[in-house]
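*Asks:* Just to be clear, the model below is a prediction. Sequence and coordinates:
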Amino acid sequence: MKRIGLKRLIILAVLLGLNAGIAAAFFLWIEPMRTEAAATVTRMEGEIKDLQTKITNIKFEIKEFERLKPKYEELHQQGFFLNQDRFGINRDLEGVRVKSGVRKFAFSVENVREIESKEAELAKMRLIGSRIELSKIDALLDTDFFHLIETMMQEFPSHIRLDSFQLSRAAPLNEKTMERLAETGGNMSLIEARAYFDWVTIVPREEDKPAASNKKGGRR
C-alpha cells in the first residue's frame with residue numbers, strides 16, 4: 001500500500017467502481033435495449049416483407065380482376081347470379097317460344113340440387129343446378145328445332161347450357177305425309193325432339209330456400 005500510495009489506491013478504487021457501474025449498466029439496461037432493438041428490427045423486416053408480398057398479391061389480383069371482369073359481366077347478364085325462379089319460368093319459356101317461332105312444346109324442371117364447389121363455399125355462396133327438359137316440340141323441320149335451341153341459349157334470362165338433345169323423324173316423307181301437310185297448311189310436326197338444359201346459378205346461402213324444391217312442368 002505504501003508502494004502504490006493512498007492517492008493512487010483511491011483512484012484505482014474509483015476506476016474499478018466506474019467499471020463495475022458501466023458493466024452493470026451494460027448488462028442491466030444497454031444489452032436488453034440492444035436485444036429488444038434487434039428484435040424490433042427483425043420484426044419490422046418481417047412486416048416489410050409481408051407488406052411487399054401483399055402488394056405483389058394485390059397487383060396480381062387487380063390484373064386477374066381486370067382479366068376476368070368481362071366474363072363476370074357476361075355471366076351477370078346471363079343471370080348466373082339470379083335465384084332460380086320457379087314461378088317465372090312459364091313466362092320465360094313463353095318468351096323463348098314466341099321468339100323461336102315454334103308453335104308449342106312441353107317442359108319440366110327437376111328439383112334444385114347443390115353442386116359441390118370449394119370456390120362457392122369460400123365466397124359463402126351456393127352453386128345450384130336444375131335440369132330443364134323441353135319435349136313434345138311442335139316443329140315442322142329440324143331447322144325449327146335447332147332454332148329453338150339457339151333461342152333458348154340466347155333468350156332464357158338465367159345461365160343455362162345445353163346438355164343433350166334427341167331428334168328423329170315423326171313420319172316418313174311419302175305421298176300420304178305430303179297430302180296431310182298440304183291439308184293442314186304446314187301446321188303439323190314432322191319431327192320428334194327433346195332437349196335437355198342445365199340451369200346453373202350461384203346464390204347467397206340464404207336466398208335459395210323459397211320454392212326451390214318443387215318440380216315444375218307445363219306446356220307452352
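*Replies:* Looks like it arrived, so ask away.

*Asks:* As a check, name the ranges of all helices in the protein.
*Replies:* Taking DSSP state H as the criterion, the chain contains helices spanning 6-25, 31-77, 89-100, 118-122, 142-155, 175-184.

*Asks:* So what sits opposite Ala106 in the bridge?
*Replies:* Bridge pairing for Ala106 (DSSP bridges) gives the partners Ser135, Arg219.

*Asks:* Correct me if wrong: it contacts Ile132.
*Replies:* No. Using Cβ atoms under 8 Å, Ala106 is not in contact with Ile132; the gap is 11.5 Å. C-beta coordinates here come from the backbone N, C-alpha and C atoms, glycine included.

*Asks:* neighbour count winner among those two?
*Replies:* Set Ala106 next to Ile132 and count neighbours by other Cβ atoms under 10 Å: Ile132 wins out with 21 against 15.

*Asks:* Tell me, what's the model's pLDDT at that one?
*Replies:* Listed pLDDT for Ile132 reads 94.

*Asks:* Provide a list of residues in contact with it.
*Replies:* Going by Cβ atoms under 8 Å, 6 or more residues apart in numbering, Ile132 touches Phe107, Ser108, Val109, Glu110, Ile160, Tyr196, Phe197, Asp198, Trp199.

*Asks:* what pairs with the fifth one across the strands?
*Replies:* Following DSSP bridges, Ile160 is listed with bridge partners Trp199.

*Asks:* Next, count neighbours for it.
*Replies:* 20.

*Asks:* Same question for the last one.
*Replies:* Counted with other Cβ under 10 Å, the neighbours of Trp199 add up to 20.
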